[in-house]
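[1] Predicted structure and sequence below. I'll ask about it afterward.
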Amino acid sequence: MNDPSKLERSRIVHLLQADQSPGSVLVKGWVRTKRDAKGFSFIEINDGSCLANIQVVADETLSNYATIRKMTTGSALSLSGRMVPSRGQGQRWEIKAESVTLVGHAPEAYPLQKKRHSDEFLRTIAHLRPRTNKYGAAFRIRSQLALAIHRFFQDRGFHYIHTPILTASDCEGAGEMFRVTTLAPGDAAVANDFFGVNAYLTVSGQLEAEMLALALGDVYTFGPTFRAENSNTRRHAAEFWMVEPEMAFCDLAQDMVLAEALLQHLAGHVMDHCAADLSLFARFVDKELMHRLAALVEKPFFRVPYADAIAILERSARPFEHPVAHGNDLQAEHERYLVEHHFKGPVIVYDFPKEIKPFYMRMNDDGCTVASMDVLVAGIGEIIGGSQREERYDMLRRRIESIPLAPENYWWYMESRQYGSVPHSGFGLGFERLVMMVTGITNIRDVIPFPRTPKNIAF
RNA sequence: UCCCUGAUAGCUCAAUCGGCAGAGCGGGUGGCUGUUAACCACUAGGUUGUAGGUUCAAGUCCUACUCAGGGAGCCA
């Protein structure tokens, strides 16, 4: 009856939720901690299915108890036994071990200890840090957020599309690009290169997504994006994931409605589906987390035109380091004032001056602003940037000729405005910044398993 | 890329005015019949980031470099 070979492996997340004991169970996972007494040991096993460990009681009647005594933190093991109500405080169930097999030994040099490690140290062992409570929780939440993104869009009839990762086009204003080449070192002849032209890793799928929106109606991308900026901040990575919806027959106001609904859906989804993991962040990382998430889900976002935002900043009489003036872009300190002091909640700033925004954004009737919007949230700043796209061929032509890009590379983009062009809009959501917002983690390097930043690609 | 701060045991940190380099945790050994970051005793563990310089004497002061953190810029 207790032959381990006849049992299906149980996940700890399911065992801990049980209302009654399933009897004999088989569990496989890693030792998080072990406490020895005379004649028996408490072993806490984690299998990654949830934050919590399950407690195992192994005593000296086991034939290999001497080996079990020597098992160290980090070791992988397979064990079977009866799940019984725990005699001790602190957990409802425990497993009375009847068989314990060491699957993979972890020598005493195992770097993860039963105490809190600094984030800086854990970044130096990125291959092991998912085995900690905090990073395990972060990556489970990341997974749930990805699911929630697909669910949000699919429920609204959006089509998931894939845009190229290798590209020859520059999405203006999106930053420096990584060059991709098969040329031998020293060979400068682009004609000999794989594509015969300069190729890059994409900085945005937007231009291609527009083409799909003009065929499939409502579409979204969700994939990796690359920026070769020498940015050394807690909010920037060279490789990050971005969500980019694009909607035909959609204006800026509807774009903003969707951006707000998306963020509210995502925060709500995580509150509903990741309560245990979230509680770790609420306890140890950000005491205000649950309040902030609840407010984000419940309260409408503030909306303010750029010109009004400038007026608010001027009236504040704050000694800003960067001057506040109509025509200047909003600096981090300005965004923080708006979000954290003036509005005290998420803010959508829209209708920016055309000079500080890319060519593809739609010119407003005033002739000096474009139909653009940034969603700003506390602690992160810009989490979403979007716009209504310029759908009028002549207007777009004029914008593209006024910038240093080569218009001939955009012939296909221009042509979409000659055949059945329609008003359309979209935005980009930084996925890592979303994970930061939802967990309270303050460094982007800690919300992606293997972060890429300048001089950092070891793992 | 710029500004500020930092680098001491495996980890987190201390070391007063420039004067013998220490603690907690972790590791090892032993003990403990229900633990919860278990507990108790003992024990090993160091080229003080790198290279120079000042000094009788440098973890400590000076210079350069490397790396890291925070802030700024760029952006998502």
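    Cool, got the structure.

[2] what's the helix or strand bottoming out on mean pLDDT in chain A in contact with?
    None of the helices or strands of chain A scores lower by mean pLDDT, DSSP states H and E than helix A:65-70, at a mean of 86. Helix A:65-70 is contacted from outside by A:36, A:41, A:43, A:58-59, A:62, A:100, A:102, using CB atoms under 8 Å, 6 or more residues apart in numbering. For every residue, glycine as well, the C-beta is placed using N, CA and C.

[3] OK, contacts around the residue nearest to residue A:420 when sequence neighbours are not counted?
    Counting by CB to CB, 6 or more residues apart in numbering, residue A:420 lies nearest to residue A:214, which is 7.3 Å off, once chain neighbours are set aside. By CB under 8 Å, 6+ apart, the contact set of residue A:214 is A:248, A:416, A:420-422, A:424.

[4] Separate out the buried members of those residues.
    A:248, A:416, A:421, A:424 (16 or more other CB atoms under 10 Å).

[5] any idea how far the first one is from RNA strand B?
    Just to be clear, that refers to residue A:248. 21 Å (CB to the nearest atom of the strand, to the nearest Å).

[6] Secondary structure element holding the residue nearest to residue A:420?
    Using DSSP states H and E, residue A:214 sits within helix A:206-216.

[7] That helix: which residues count as buried?
    So, applying 16+ other CB under 10 Å, buried residues of helix A:206-216: A:206-214.

[8] What segments of chain A are helices?
    Remark: helices assigned in chain A by DSSP state H are A:12-16, A:65-70, A:119-123, A:133-155, A:206-216, A:252-273, A:275-284, A:289-298, A:306-316, A:332-336, A:393-401, A:411-415, A:431-439.

[9] Which among the ones you listed is found nearest to residue A:459?
    Among those, helix A:119-123 comes nearest to residue A:459, with 9.4 Å by CB to CB.

[10] Give me the mean pLDDT for the closest one.
    Helix A:119-123 carries an average pLDDT of 92.

[11] Residue A:179 is in contact with residue A:194, correct?
    No - using CB atoms under 8 Å, residue A:194 is not in contact with residue A:179; the gap is 11.7 Å.

[12] Give me every residue in the stretch 151-300 of chain A that's in contact range of RNA strand B.
    With CB under 7 Å from any atom of the strand as the criterion, the stretch 151-300 of chain A meets RNA strand B at residues A:173-175, A:204, A:227, A:229-238, A:240, A:242.

[13] Which of those fall in strands?
    Counting by DSSP state E, those place A:240, A:242 in strands.

[14] From the residues of the stretch 151-300 of chain A next to RNA strand B, list the buried ones, please.
    A:174-175, A:204, A:227, A:235-238, A:240, A:242.

[15] now, the most widely separated pair of those residues?
    Comparing all pairs in these by CB to CB, the longest separation belongs to A:204 and A:235, at 17.4 Å.

[16] hang on, the earlier thing: will you turn the buried ones among the residues of the stretch 151-300 of chain A next to RNA strand B into CSV that also has pLDDT and distance to residue A:313?
    As requested, these are exported to CSV (pLDDT from 0 to 100; distance: CB to CB, whole Å):
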residue, pLDDT, distance to residue A:313
A:174, 63, 26
A:175, 71, 26
A:204, 92, 29
A:227, 92, 28
A:235, 92, 21
A:236, 93, 24
A:237, 93, 29
A:238, 93, 32
A:240, 95, 29
A:242, 96, 28
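
[17] one step back: out of the contacts of helix A:65-70, who's near RNA strand B?
    Restricting those to those touching RNA strand B (CB under 7 Å from any atom of the strand) yields residue A:36.

[18] May I see the contacts of helix A:65-70 organised as a markdown table, with neighbour count and pLDDT added?
    Below are the contacts of helix A:65-70 laid out as a markdown table (neighbours: other CB atoms under 10 Å; pLDDT from 0 to 100):
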| residue | neighbour count | pLDDT |
| --- | --- | --- |
| A:36 | 12 | 86 |
| A:41 | 20 | 90 |
| A:43 | 26 | 92 |
| A:58 | 26 | 92 |
| A:59 | 13 | 90 |
| A:62 | 18 | 89 |
| A:100 | 23 | 92 |
| A:102 | 17 | 90 |
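
[19] Now flag whichever of the contacts of helix A:65-70 is closest to RNA strand B.
    Nearest to RNA strand B among those: residue A:36, at 4.3 Å, using CB to the nearest atom of the strand.

[20] Quickly note the distance from the nearest residue to the closest one once chain neighbours are set aside to RNA strand B.
    Using CB to CB, 6+ apart and skipping the chain neighbours, the partner closest in space to residue A:36 is residue A:69 (6.4 Å). Distance from residue A:69 to RNA strand B, counting by CB to the nearest atom of the strand: 9 Å.

[21] what number of residues lie near residue A:69?
    13 (other CB atoms under 10 Å).

[22] again, but for residue A:272
    Other residues close to residue A:272 by other CB under 10 Å number 11.

[23] Repeat that for residue A:239.
    Neighbours around residue A:239, by other CB under 10 Å: 17.

[24] That one - nearest residue in space that isn't next to it in sequence?
    Residue nearest to residue A:239 in three dimensions, not counting chain neighbours: residue A:452, with 4.2 Å by CB to CB, 6+ apart.

[25] shouldn't that neighbour be in contact with residue A:231?
    No - Residue A:452 is beyond contact range of residue A:231, at 11.3 Å (criterion: CB under 8 Å).

[26] got any residues that touch both of these two?
    The overlap between the contact sets of residue A:452 and residue A:231 (CB under 8 Å, 6+ apart) consists of residue A:238.

[27] As TSV, the buried residues of helix A:206-216 with pLDDT would be great.
    Formatted as TSV, the buried residues of helix A:206-216 follow (pLDDT from 0 to 100):
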residue	pLDDT
A:206	94
A:207	93
A:208	94
A:209	96
A:210	97
A:211	96
A:212	97
A:213	97
A:214	97
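
[28] From those residues, pick the one nearest RNA strand B.
    residue A:206 (8.4 Å).

[29] Might you report the residue contacts of the closest one?
    Per CB under 8 Å, 6+ apart, neighbours of residue A:206: A:171, A:244, A:246, A:360, A:426, A:428.

[30] Please repeat the previous calculation with a cut-off of 10 Å.
    Each residue near residue A:206 by CB atoms under 10 Å, 6 or more residues apart in numbering is listed here: A:163, A:171, A:174, A:213, A:221, A:242, A:244, A:246, A:358, A:360, A:386-387, A:389, A:426-428.
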